[in-house]
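K.L.:
Got a predicted structure plus its sequence, pasted below:
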Amino acid sequence: MSNSRNHNPGAVVAAVSASEPRAKSGDMPAATDASIRHLYVHIPFCARICPYCAFYKDLLDRSQTWRFCEAILRELDQTRRSFVISPETIYFGGGTPTALTTAQLELRQAEESFRSLRAAGFSNINVDLMFGLPGQTIDQWKATLGTSVALQPEHVSAYCLTYEEDTEFFVRHASGEFRQDADGDAEFFDMAMSILENAGYEHYEISNYARPGFSSVHNRAYWLGEDYLGIGPSAVSTVGTRRWQNVCDYRIYIDRVLSAQSPRGPGETLTDEMKRMERIALTLRTRDGVSASDLKHFAPQTNEFIALDLLRESNGNFVLTRKGKALADSVAEAFL
Ligand SMILES: C[S@@+](CC[C@H](N)C(=O)[O-])C[C@H]1O[C@@H](n2cnc3c(N)ncnc32)[C@H](O)[C@@H]1O
Ligand code: SF4
């Protein structure tokens with residue numbers, strides 16, 4: 001089953017730990033005239049820690065949030081000395097549900113929270129769902145999808161649980177307490193596609209559905225390989241052939257930024273081949289698919305997938321069929 005957590009810290013990048021050295025100035029791309037059009041800001045605070053989540057986050061400590069905000073603004077200022085930033089999209093990611101109280105975060109309170117947001121005037125709301133969870137039944141999943149559709153959100157994301165290292169769920173999976181069930185996951189995925197598409201949502205990326213006109217513009221920039229800057233602890237940036245990640249510890253991040261030091265890790269240089277592979281892996285998951293030119297060296301594999309009804313051609317691109325979507329990771333692997 002396939003997953004795509006499209007928040008910036010999940011971008012394809014080697015993890016950079018807090019103890020790694022700060023970036024040398026030579027690691028950074030030279031100042032550029034080309035403006036950066038996509039900004040990601042990572043707010044790492046969560047009201048509580050989900051046992052399956054491997055993203056960088058920490059429990060909310062209200063005594064730190066003002067200093068944190070000051071550091072975010074300071075980093076933005078520092079960054080503007082190197083880059084022209086004229087954002088078309090700004091994505092605030094991380095532990096954002098902390099805007100709600102703990103009571104509002106309780107399972108089964110999601111509906112109420114949704115209605116409060118609508119009543120407060122929000123006209124574009126995403127409902128974020130997960131399936132393949134331990135103990136979750138297909139009937140429960142059907143009911144969850146039904147309730148979600150009835151709320152009429154503009155966007156729905158539905159992620160299949162992955163057992164990420166360094167999480168409680170990973171340990172419980174490794175000990176045999178939780179089991180992954182590929183067939184069960186495929187059934188959940190199929191049900192999500194059927195119910196959401198029947199309700200008028202476009203399945204525009206493996207884990208994302210939107211009413212026409214409401215697909216995520218910010219995530220599209222990642223999928224198309226555009227430049228983006230990440231602000232905040234653990235945020236990833238990619239500009240031209242350079243990619244780097246900020247230190248994954250908000251206290252160290254604050255200290256560095258507020259003492260005029262760089263929060264950036266050492267970074268890496270992306271080769272054309274690395275960029276092409278990443279583009280294939282990401283665009284294959286989207287409704288528009290992979291450009292034929294990116295797959296020109298893979299004619300035998302492409303033909304085989306077409307024969308197996310996993311891929312189809314559309315407007316000069318190769319797109320996953322419904323059957324192919326359930327096997328997206330395996331199809332992508334054949335091209336990498
Ligand atoms: C890390 S969260 C960040 C935004 C926000 N804190 C939230 O929980 O929605 C981004 C998405 O990743 C999903 N997620 C986190 N860990 C996951 C895992 N192990 N498997 C699948 N999805 C996961 C969450 O459900 C959420 O949809
Ligand atoms: S609220 Fe989101 S970021 Fe925080 S632990 Fe849960 S899944 Fe991770």
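P.N.:
Structure's in. What do you need? Ligands and ions are numbered 1, 2, ... in the order given.

K.L.:
Next, count neighbours for residue 109.
P.N.:
If you count neighbours by other C-beta atoms under 10 Å, residue 109 ends up with 15. For the C-beta atoms, the positions are set from N, CA and C on the backbone; glycine is no exception.

K.L.:
so what's it scoring on pLDDT?
P.N.:
Looking at residue 109, its pLDDT stands at 80.

K.L.:
tell me the SS of residue 144?
P.N.:
Reduced to three states with DSSP: H, G, I helix; E, B strand; the rest coil, the structure at residue 144 is helix.

K.L.:
From ligand 2, how far out is it?
P.N.:
For residue 144, the distance to ligand 2 (C-beta to the nearest ligand atom, to the nearest Å) stands at 17 Å.

K.L.:
now swap in residue 295 and tell me
P.N.:
According to C-beta to the nearest ligand atom, residue 295 and ligand 2 sit 34 Å apart.

K.L.:
List the backbone torsions phi and psi for that residue.
P.N.:
Dihedral pair for residue 295: phi -110, psi 10, per degrees, to the nearest 10.

K.L.:
In this structure it contacts residue 332, no?
P.N.:
No. Using C-beta atoms under 8 Å as the test, residue 295 is too far from residue 332 to be in contact (11.2 Å).

K.L.:
residues shared between the contacts of those two?
P.N.:
By C-beta atoms under 8 Å, 6 or more residues apart in numbering, residue 295 and residue 332 have these common neighbours: residue 280.

K.L.:
Just give the nearest non-adjacent residue to residue 145, would you?
P.N.:
Spatial nearest neighbour of residue 145, chain neighbours left out: residue 195 (4.4 Å); criterion: C-beta to C-beta, 6 or more residues apart in numbering.

K.L.:
Stretch 264-278: which residues count as buried?
P.N.:
For stretch 264-278, the neighbour count (16 or more other C-beta atoms under 10 Å) marks 264, 265, 267, 268, 270, 275, 276, 277, 278 as buried.

K.L.:
what do you get for stretch 167-174?
P.N.:
Quick answer for stretch 167-174 (16+ other C-beta under 10 Å): 167, 169, 170, 173.
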